[in-house]
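> The following comprises the amino acid sequence and a computationally predicted model.
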Amino acid sequence: MALHDRFKACLDELNSPSAEELKKALKSLDIKLEEMLPYLQSADGKPYYRKLLYQNDEVELLVMNWSDLECAPHDHGNSCGWIQVLNGASENTVFAVKENPIPQKLFAEIKGQGSFFFAPKKGVHKMKRAGMDSLVTLHLYSPPITGMKVYDLEKCAACIVSDDCGAWWPEDMRKKVKEIQLK
């Protein structure tokens, strides 16, 4: 079965999926690194290159290959999802955002090849490559991400980015939907 047909057969049956249904779907896709190689490109000075593999009204599936740069702390708007490490290892840093709108680091953990980790709705995290092997990750979110908030902790600022922007402070003003000064 062609890759796109596999995505469609598995993901089109999801309707407002729970976190566990998302994880089960991502696992059942059984994606191998070799299948993703044609979709990977240079990150071109960004933390990662992202390629949308499949999207419908309920979910989106992306593959990302990472540079040596870490992404900015960010949330996924009103979406939640699962991240699978296809190659290498990822350092995932999780933050708390409470009364103080500036994210406070809670912990960092290394997730190796084959690992899955959850990105909750409104949860703030950042990722980077850990180790020398190239990092490739697969991401399944529901609903498709919109309204992602990216934080610049040095500027005490955040911005809502366009749906085609990654988890970094956009240089292109068209990708910055709204900028927010934090206290």
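Looks like it arrived, so ask away. Numbering: from 1, shown residues only.
> residue nearest the centroid of this structure?
By Cα atoms, centre = their mean, the mean C-alpha position of the chain lies nearest to H139, the distance being 5.8 Å.
> contacting residues for that residue?
Counting by Cβ atoms under 8 Å, 6 or more residues apart in numbering, H139 makes contact with L61, L62, V63, M64, G81, W82, I83, Q84, A119. Just so you know, the C-beta spots here come from the backbone N, C-alpha and C atoms, and that holds for glycine as well.
> which neighbours does the helix or strand hosting the fifth one have in its sheet, and in what orientation?
Think G81. Take DSSP states H and E as the rule and G81 turns out to sit in strand 80-87. In its sheet, strand 80-87 lies beside strand 116-119 (antiparallel), strand 136-142 (antiparallel), with partners assigned from DSSP bridges.
> Could you give the number of residues near T137?
Applying other Cβ atoms under 10 Å, we find 25 residues neighbouring T137.
> would you turn the contacts of H139 into TSV with pLDDT and distance to F95?
Formatted as TSV, those follow (pLDDT from 0 to 100; distance: Cβ to Cβ, whole Å):
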residue	pLDDT	distance to F95
L61	98	25
L62	98	21
V63	98	24
M64	98	20
G81	97	17
W82	98	19
I83	98	16
Q84	98	21
A119	96	12
